[in-house]
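Chemist: Next input, structure requested:
(one chain, ligands or ions: 1)
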Amino acid sequence: MRLVLIGAPGSGKGTQAKFLIEKYNIPQISTGDLLRAAVAAKTPLGRQAKAVMDAGQLVPNDIVIGMIRERIMRPDAENGFILDGYPRNLEQAEALDNLLTSLGRPIDAVLQINVDFDLLMQRMVGRLTCLSCGALFNSFTNPPAIDSQCDQCGGTLHHRSDDNEETIDRRLRVYETHAQHVSNYYSNKGNLHVIDGQGTVDDIKKRIKSALRGLRSSRIKLQPAPAQPAATPANAQPEVIRTQIAESLKPTPKRKKREAAAIKPEVKKRPKKAETAAKAKYLHQLKAMQDELKSVRKELTLLVRTEKKLTREVAKSEAELAKLTQQQAEL
Ligand code: AMP
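Modeler: Coordinates of the predicted model:
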């Protein structure tokens, strides 16, 4: 199965990719992860990409396209893959199609996860990733039990350097510039599924599952062009013939409606910088209030425990007093 996940940064592509990996037994290919690995390894490409990534801009197409081509050609992607964070613009989408067409392995479905801007900002500002197991937390909505420590494996939690207000703002603006073109491109091809990305992780998972229900992976048969009789399979010009089109790819009225919705702007009208700053301030206040609530809850638990203990002791003393009073009366 060859799937493409598109959506704004922070829309939950990485989170949802995790269950798709298991469902289809295929690798997740995230250009963001590949680039971050190159930055960490300080390769020439990584050094080139770092400044662009820190600025929240897109790494040049030729670098990313070359990187994705090399990754897709690896044996573990033979039976499919989940692309996360690629394509980011029309040129990348077309380059991907050219590559997959030449391999006879077209995209089976494109899942576009839509989330409101307000929620995206909160998700990303608070996003924490475990460096050991990749588990995701959020300091506002899903905080770990112990600060900076993974609940699942005890690993260190990391906050991405580009998940700060200013860079997020730029990344979202960059996303908006290209998103509609990419969305329209796949909508016209008829393999776009628009998913409402709001709700719990499980809600969104269910929506994705239902969008993919009945979908079969399709292959394209490559044949040598008849005009070149002397050509050997190795140097033949491939003529592409679609041999199998999944039934579910045929546009149904429901699907057409969903795709029409995709034509609408994906991210709500962007607030101005002042509003973004106000939001950041609000998020910090919210975090402080949540911390305070946590400590008040802790104190309350302690007080309730003490109250219970004292009530037990009072009851015991009263019983003893009653016993003594009775003994006294008998004397
Ligand atoms: P992500 O983890 O997908 O949010 O990507 C982090 C950063 O890596 C982005 O802000 C870009 O600078 C860069 N990046 C990731 N994927 C691409 C892509 N397909 N094209 C260009 N730049 C990318």
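
Chemist: all contacts plus neighbour counts: C-alpha atoms, from now on.
Modeler: Noted.

Chemist: Now the element after the helix or strand hosting Glu91, going C-ward?
Modeler: In this structure, Glu91 sits in helix 90-103 according to DSSP states H and E. Per DSSP H and E, helix 90-103 leads on to strand 109-114 as the next helix or strand towards the C-terminus.

Chemist: That next one close to the ligand?
Modeler: No: using CA under 6 Å from any ligand atom, strand 109-114 stays clear of the ligand, coming no nearer than 13.5 Å.

Chemist: packing partners for the next helix or strand after that strand?
Modeler: Per DSSP H and E, strand 109-114 leads on to helix 117-125 as the next helix or strand towards the C-terminus. On a contact count with 3 or more CA pairs under 8 Å, 6 or more residues apart in numbering; DSSP states H and E, helix 117-125 meets helix 165-189.

Chemist: In the helix it packs on, which residues are buried?
Modeler: By 16 or more other CA atoms under 10 Å, the buried positions in helix 165-189 come out as 165, 167-169, 171-176, 179-187.

Chemist: what does the stretch 1-150 of the chain have sitting close to the ligand?
Modeler: Residues of the stretch 1-150 of the chain lying near the ligand (CA under 6 Å from any ligand atom): 9, 31-33, 52-53, 56-59, 64, 85-88.

Chemist: can you do 5 Å?
Modeler: Residues of the stretch 1-150 of the chain lying close to the ligand by CA under 5 Å from any ligand atom are Thr31, Gly32, Met53, Gly56, Gln57, Leu58, Val59, Gly85, Tyr86, Arg88.

Chemist: all helices of the chain, in order?
Modeler: 13-24, 31-40, 44-54, 61-72, 90-103, 117-125, 165-189, 201-212, 253-263, 273-330 (DSSP state H).

Chemist: any low-confidence regions in the stretch 101-250 of the chain?
Modeler: Across the stretch 101-250 of the chain, residues meeting the criterion (pLDDT under 70) sit at 220-250.

Chemist: hmm, 90 instead?
Modeler: 116-125, 134-136, 138-142, 147-148, 160-169, 214-250 (pLDDT under 90).

Chemist: Would you pull up the residue in it closest to the ligand?
Modeler: Arg171 (5.7 Å; CA to the nearest ligand atom).
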